[in-house]
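Asker: How does the following fold in three dimensions:
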Amino acid sequence: MTKIRTRFAPSPTGYLHIGGLRTALFSYLYAKQQKGEFIIRIEDTDRQRLVEGAEKKLIETLSILGIKSDTKIERQSERLEIYQKAVDVLLKNNSAYYCFCSSERLEKVRKEQEKNKQVPKYDRHCYNLAEEEIKQKLSRAEKYVVRFKIPDDQTIKIEDKVYGQISIKSSDLDDFVILKSDGFPTYHLAHLVDDHEMKISHVIRGEEWVPSLPKHILLYQALKYTPPIFAHLPLLLNPDKSKLSKRQGDVAVEDFLAKGYLPEALINYVALLGWNPGTEKELFMMSELIKEFSLEKINKAGSVFDINKLNWFNAEYIRLIIQQKGQRYDQLVEQIQKLISHYQDRAEDLLKLFGSRINNLDELISQSKFLFSLPQYPTELLIFKKSDLEKTRLGLNLSLGTLGKVHGSNWQAEKLKLVLDELISDHPLNPGDVFWPIRVAVSGSDKSPAPNDIMEFLGKKESLERINKAIKKFN
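Answerer: Numbering: from 1, shown residues only. Down below sits the predicted model:
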């Protein structure tokens, strides 16, 4: 039985796109489920677009998300001799030819074809060059590329695990470049040789490669390679159904991690973009995804990337980690310490106070600002909609006196609530006459955690000072 081997082959030309993460994840899940191997390969043959440090960042990001290569990571730039051998085979069996056309000539031909309403494609100007002429041009070191010759009058049929049978006529294809003038192969040739050499059994990649698939099948045939099984993933879309792009918000995995989105939430959410387990279950750890995943349950339709849904997943995982404690909880606290460096010693208290209210750790910064610096707020905000000025003043004054008698060792949220509940029952007051104005007094806002929770965080001295400030607003 053939050993299952999948790969993720990013180009180090920038950040890891959410779509790239999905491709890597699906490839990883399938390999692991089938007890096979998952390989990361760096496709760095497009020398013009390389970004310094991008490769290191890509591998680090995948590692943070729990996706690691089972073999040594290889780079295409270190395998040029292997591609050249494949080019020599194709030249020898008349499946490829040298092309010495200048970019100016190619542009002129393209414009002429467009003018005549023809499909723009190479006109095979160099295909029939005599062998002697080719030798002369090569001896003069004239710039050239190598093109693959598309066979005439052939119908190419391919079976895809997601899209079913794909069929195309060879007459619709162009003699594409397989070796560039800088001596580097194009993606079409390099990835195919690599997949063959690395014994890749399944190629899982984005649907943008479907139009190129017939070219790849013809290359496999010309090189006498056995093609792998293909599964092309549907597009990821913005909410307006346009292709997911940076113009409408974050699409870089690094950006989401930097904002405090958890690896577990990103993996869980991205797994459900285009794949469905067929049940109502939504929360999956990586081990559960490996168990459940199948290529057969990948949808053909494009999937909408919904930030609100990702927020829901992230909030669920924050709460789950807080509830379970353990090592993952300690890591979360460390993450918060890095985010809010000036209050590192209060990281755990912040998580306790806001853990049930935030979608991502970044929100912790904005939501907790009032703890360290009380914002300005209008006096009328202190009055609850079902209360009035007189009852609000009474509530604040009584609270200040009562809370002032609470011993520092008893300054805990639960005990503070009991003290205030007792105060309400002993006087002609409602909860809105006491808890509401205290909430505003200690937070400067009508939207915040419970006032007793805030007071525990602030401590007795700061809490009483803030309540006193609120009382003075009425004078």
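Asker: Show residues contacting the one helix or strand His188 maps to.
Answerer: Element membership for His188 (DSSP states H and E) is helix 187-197. With CB atoms under 8 Å, 6 or more residues apart in numbering as the test, helix 187-197 has contacts from 7, 9, 41, 43, 45-46, 74, 76, 79, 82-83, 86-87, 148, 176-179, 185, 200, 203, 212, 215-216, 219-220, 223, 225-226, 228. Yep, even glycine has a C-beta here, placed from its N, CA and C like the rest.
Asker: rerun that using 6 Å as the cut-off
Answerer: Thr45, Gln76, Tyr83, Ala86, Phe176, Ile178, Lys215, His216, Leu219, Tyr225, Pro228 (CB atoms under 6 Å, 6 or more residues apart in numbering).
Asker: Can you tell me which of these is nearest Glu37?
Answerer: Pro228 (13.5 Å; CB to CB).
Asker: Ramachandran coordinates for that closest one?
Answerer: Note on Pro228: backbone dihedrals following degrees, to the nearest 10 are phi -80, psi -180.
Asker: Next, count neighbours for it.
Answerer: When neighbours are counted by other CB atoms under 10 Å, Pro228 registers 21.
Asker: what does Tyr122 give?
Answerer: Based on other CB under 10 Å, the number of other residues close to Tyr122 is 18.
Asker: likewise Asn308?
Answerer: Neighbour number of Asn308 under other CB under 10 Å is 8.
Asker: Please apply the same query to Leu374.
Answerer: Leu374: 19 neighbours (other CB under 10 Å).
Asker: surely it meets Ser445?
Answerer: No: counting by CB atoms under 6 Å, Leu374 does not reach Ser445; the two are 9.8 Å apart.
Asker: just checking, Lys386 is part of a helix?
Answerer: No: counting by DSSP: H, G, I helix; E, B strand; the rest coil, Lys386 is not part of a helix but coil.
Asker: OK, contacts around it?
Answerer: So Lys386 contacts Gly432 (CB under 6 Å, 6+ apart).
Asker: and with 10 Å instead?
Answerer: For Lys386, the contacting residues are Asn430, Pro431, Gly432, Asp433, Trp436, by CB atoms under 10 Å, 6 or more residues apart in numbering.
Asker: okay, now the residue nearest to Arg49 when sequence neighbours are not counted: neighbour count?
Answerer: Closest residue to Arg49 apart from its sequence neighbours, by CB to CB, 6 or more residues apart in numbering: Thr13 at 4.4 Å. Counted with other CB under 10 Å, residues neighbouring Thr13 total 15.
Asker: now do Thr155
Answerer: So Thr155, with other CB under 10 Å, has 10 neighbours.
Asker: before we move on, the earlier item: who wins for most neighbours among the contacts of Lys386?
Answerer: Ranked by neighbours (other CB under 10 Å), those are led by Asp433, which has 25 neighbours.
Asker: was I right about that one contacting Asn397?
Answerer: No: assessed by CB atoms under 10 Å, Asp433 is found out of contact with Asn397, at 11.1 Å.
Asker: just so I have it, where are all the strands in the stretch 151-300 of the chain?
Answerer: Listed in chain order, the strands found in the stretch 151-300 of the chain under DSSP state E, counting those that start in this stretch are 155-160, 164-169, 177-179, 202-206, 229-233, 236-237.
Asker: nope, the stretch 301-450 of the chain is what I meant
Answerer: Counting by DSSP E, counting those that start in this stretch, the strands of the stretch 301-450 of the chain are 303-304.
Asker: re the thing from before, got TSV for the strands of the stretch 151-300 of the chain, with distance to Ser103 too?
Answerer: As requested, those are arranged in TSV below (distance: least, CB to CB, whole Å):
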stretch	distance to Ser103
strand 155-160	29
strand 164-169	28
strand 177-179	12
strand 202-206	29
strand 229-233	31
strand 236-237	34
